[in-house]
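Student: Provide a 3D model corresponding to the input given below.
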Amino acid sequence: MTIDNAINLAYIVAFALFIYGLMGLTGPKTAVRGNKIAAAGMAIAVVATLVSIRDTGNWFLIAAGIAVGVLLGIPPAKYTKMTAMPQLVALFNGVGGGTVALIAWAEFNGSHGFRGEPVYVVAGSLFGAIVGSVSFWGSLIAFGKLQESIPGRPIGIGRLQQPLNIALLIASVALAICIGISDGGSSYLMLAILCFAAALGLMVVLPIGGADMPVVISLLNALTGLSAAAAGLALNNTAMIVAGMIVGASGSILTNLMAKAMNRSILAIVAGGFGGTVTASAISEHGPVKATSAADAAIQMAYANQVIVVPGYGMAVAQAQHAVKDMASLLESKGVPVVYAIHPVAGRMPGHMNVLLAEAEVSYDALKEMDDINGEFARTDVTLVIGANDVTNPAARNDPSSPIHGMPILNVDQSRSVIVLKRSMNSGFAGVENPLFFAPQTSMLFGDAKKSVGAVIEELKAL
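Tutor: Numbering: from 1, shown residues only. You can find the predicted model right below:
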């Protein structure tokens, strides 16, 4: 077997491991194993690529790049808390897009402005430069909004926003065409493309509100995958093409599903969303809120026919998932069934709540998707809402003037009794007041979610 055949065989094995690993990510019990399998596939692909450039590679730069990547990648992946995982996902995704933009820049310089390069190399490199740069800078803004170092509310320039975005896109594409039709483009044109694309990434994501961030993360992930596939085409690197297409396709499908879950089109989200936390009073046009205690909440749940737990970002912030699992186990020992209602966009990234509950070893069978659980609320004595706002807001169903009207929600308001755990009356990421909090069957248990659940556990033990 020749070296080239061995390299191709290694790539085939790597792709098979990619796909097999993704299959493992469909459930929490196999997710860790699936991730390790996919990582093994990537390791094989990296080795095969290094072998393929054995005669032309700059090994000092390659070793330096690997060392820098290891030093910058392992610590945040190892020590980042689950509450900050969405930010980490956004940042790592952006790094991928930025890498593709740098690859395009290196390919441009190495070929003296694409002089004499085939059309597919030029097209792939320029596409990767534009889309990768958009993904990188857009992901940085998404990171900032999730980290709350940038306000979650939309930040834009009003009616001029979309014309400016279109102008930046046209300028980037026009300059790419100029380079493509010339024999040896100017480095200034290439720099201008990267700058215009960077501005486009910033200006597209800044006007998008925090409520749409889960969809934005998924969309940027898809863009990074597509740019990587284009760069792989330019470099004639099979691993980049296949891995990029897998990421691009899966990210596109997930983006579409997330947008449908919010009853919003992708174009409407990109055109500028809504969001930003606002402070609400304990008394509104809906009336006053009714406070409760851990003792009363424990009594209600201990004698319920069923308890539905609705987790939200508040549970993640308080790191209350383990306490919630202990509370559910205690209720089940008393003969009270407990299930978890999971909204597709609960939290700050797709699957955020599933990951947190899986970390607490909650049975996957107890996690119920929105369509499966919504019919159960009307037959449930107590629903416990832990830091979830927008996904439980009945205004999405009842108020045509609400910014979130039409978004499918969990029908929490149909429960016989609702207990909401919140630190304060602040609204969710959409910045919309939730009438559920003022409903007659709703009571509020204020405080840190982990401490509140811990207090409920102690009261349950005393019953």
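Student: Run through the helices of the stretch 201-350 of the chain in chain order.
Tutor: Counting by DSSP state H, counting those that start in this stretch, the stretch 201-350 of the chain has helices at residues 213-235, 238-261, 266-270, 294-302, 313-318, 321-333.
Student: between those helices, which one is nearest to Glu433?
Tutor: helix 313-318 (16.2 Å; CB to CB). The way it works is simple: take the backbone N, C-alpha and C, and place the C-beta from them, glycine included.
Student: Which elements pack onto that closest one?
Tutor: Identification of packing neighbours for helix 313-318 by 3 or more CB pairs under 8 Å, 6 or more residues apart in numbering; DSSP states H and E yields helix 352-359, helix 449-462.
Student: Run the chain-centre distance for it.
Tutor: Counting by CA atoms, centre = their mean, to the nearest Å, helix 313-318 is centred 16 Å from the centre of its parent chain.
Student: Could you list the buried residues of it?
Tutor: Across helix 313-318, burial judged by 16 or more other CB atoms under 10 Å covers 313-318.
Student: Let me see the residues that make contact with it.
Tutor: 82-83, 321, 324, 346-348, 352-353, 356, 386-388, 421-423, 428-429, 448-451 (CB atoms under 8 Å, 6 or more residues apart in numbering).
Student: Kindly report the same for stretch 440-453.
Tutor: 289-294, 296-297, 314-315, 317-320, 323-324, 327, 386-387, 413, 415-424, 436-437, 456.
Student: Stretch 416-425 - what's its average pLDDT?
Tutor: Stretch 416-425 shows a mean pLDDT of 88.
Student: quick one on the thing from earlier: of the contacts of stretch 440-453, keep whichever come out buried.
Tutor: Here, 16+ other CB under 10 Å leaves 289, 292, 294, 297, 314-315, 317-320, 323-324, 327, 386-387, 413, 415, 417-422, 436-437, 456 buried among the contacts of stretch 440-453.
Student: Touching, Pro288 and Phe437? I think so.
Tutor: No: look at Pro288 against Phe437 with CB atoms under 8 Å: they stay out of range, at 10.1 Å.
Student: mind checking how far the residue of the chain positioned farthest from its centre is from Asn8?
Tutor: Farthest-out residue of the chain from its mean C-alpha position, per CA atoms, centre = their mean: Met1, at 43.7 Å. According to CB to CB, to the nearest Å, Met1 and Asn8 sit 10 Å apart.
Student: re the thing from before, pick the most deeply packed of the helices and strands packed on helix 313-318.
Tutor: Ranked by mean neighbour count, the helices and strands packed on helix 313-318 are led by helix 352-359 with a mean of 22 (mean count of other CB atoms under 10 Å).
Student: Could you list every helix and strand that that helix packs against?
Tutor: Against helix 352-359 (3+ CB pairs under 8 Å, 6+ apart) you get helix 28-52, helix 85-110, strand 307-311, helix 313-318, helix 321-333, strand 338-342.
Student: at 7 Å instead, please
Tutor: Here helix 352-359 touches helix 313-318, helix 321-333, strand 338-342, going by 3 or more CB pairs under 7 Å, 6 or more residues apart in numbering; DSSP states H and E.
Student: Give me the neighbour count for Lys29.
Tutor: Lys29 has 12 neighbouring residues, counting by other CB atoms under 10 Å.
Student: Check what pLDDT Ala291 gets.
Tutor: On the pLDDT scale, Ala291 gets 90.
Student: Need the nearest residue in space to it, chain neighbours excluded.
Tutor: Once flanking residues are discounted, Ala291 sits nearest to Met444: 5.3 Å by CB to CB, 6 or more residues apart in numbering.
Student: Please confirm that that neighbour is located within a helix.
Tutor: No: counting by DSSP: H, G, I helix; E, B strand; the rest coil, Met444 is not found in a helix; it is strand.
Student: and the gap between it and Ile419?
Tutor: 8 Å.
Student: Please apply the same query to Trp105.
Tutor: 55 Å.
Student: Give the residue spans of the stretch 201-350 of the chain that score low on pLDDT.
Tutor: Residues of the stretch 201-350 of the chain that meet the criterion pLDDT under 70 lie in 210-211, 262-264, 271-287.
Student: residue boundaries of the strands in the stretch 351-463 of the chain?
Tutor: 367-369, 382-386, 417-422, 442-446 (DSSP state E, counting those that start in this stretch).
Student: Could you tell me the phi and psi values at the most centrally placed residue in the chain?
Tutor: The centroid of the chain falls nearest to Met349 when counting by CA atoms, centre = their mean (3.0 Å). When read as degrees, to the nearest 10, the backbone of Met349 gives phi -160, psi 160.
Student: doesn't Leu88 make contact with it?
Tutor: No: counting by CB atoms under 7 Å, Met349 stays clear of Leu88, with 9.6 Å between them.
Student: wait, doesn't Arg31 sit right on Met23?
Tutor: Just so we're on the same page, residue 31 is Ala rather than Arg. No: using CB under 7 Å, Ala31 is not in contact with Met23; the gap is 10.6 Å.
Student: between the two, which one's more packed in?
Tutor: Legend: neighbour count by other CB under 10 Å for Ala31 and Met23, higher for Ala31 (17 against 13).
Student: Could I get the contacting residues of that one?
Tutor: When contacts are counted by CB atoms under 7 Å, 6 or more residues apart in numbering, Ala31 touches 24-25.
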